[in-house]
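K.L.:
Provided below for reference: sequence and predicted model.
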Amino acid sequence: MGGTIRVRFAHDLWWTEINYEKVLEWSDLNITYLTQNVCFADIIHANGDKTHVEIHKGDYDTVMDKKAFKLKFKLDRHKLTFK
């Protein structure tokens, strides 16, 4: 399963591309906020630490469409917070 998703970490100006295999190593992914352009989420690591990130909206759609991500993180589509 090849591919990447684009995330922006706190205080970053540029998007960071993360391989799908690395994403599947996360313990959990919680979507907290969704707009037409971006999605805010918390990455939960194995030790329980959280990392707050911004996910590119196109990559949010990709994550939601990939069955492996939906099953691993038990994700459901979110409604737009602002239109």
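P.N.:
Received it, and whenever you're ready, just let me know what you need.

K.L.:
got a list of what the residue nearest the centre of the chain touches?
P.N.:
Against the mean C-alpha coordinate of the chain, by C-alpha atoms, centre = their mean, the closest residue is residue 55 at 5.2 Å. Taking C-beta atoms under 8 Å, 6 or more residues apart in numbering as the criterion, residue 55 is in contact with 5, 6, 7, 38, 39, 40, 41, 63. The way it works is simple: take the backbone N, C-alpha and C, and place the C-beta from them, glycine included.

K.L.:
how close does it sit to residue 61?
P.N.:
With distances taken as C-beta to C-beta, to the nearest Å, residue 55 is found 10 Å from residue 61.

K.L.:
one step back: grab the nearest non-local neighbour of the residue nearest to the centre of the chain.
P.N.:
Distances taken as C-beta to C-beta, 6 or more residues apart in numbering place residue 39 nearest to residue 55, at 4.4 Å, with adjacent residues excluded.

K.L.:
What about that neighbour, how many residues nearby?
P.N.:
23 (other C-beta atoms under 10 Å).

K.L.:
Same question for the one 4 residues further on.
P.N.:
Residue crowding around residue 43 was assessed by other C-beta under 10 Å; the count is 19.

K.L.:
I'd guessed it sits against residue 29; true?
P.N.:
Yes: under the criterion of C-beta atoms under 8 Å, residue 43 makes contact with residue 29 at 6.0 Å.

K.L.:
Toward the C-terminus from the top helix by length along the chain, list the very next helix or strand.
P.N.:
As assigned by DSSP state H, the longest helix anywhere in the chain is helix 57-65. Counting by DSSP states H and E, the next helix or strand C-terminal to helix 57-65 is helix 67-73.
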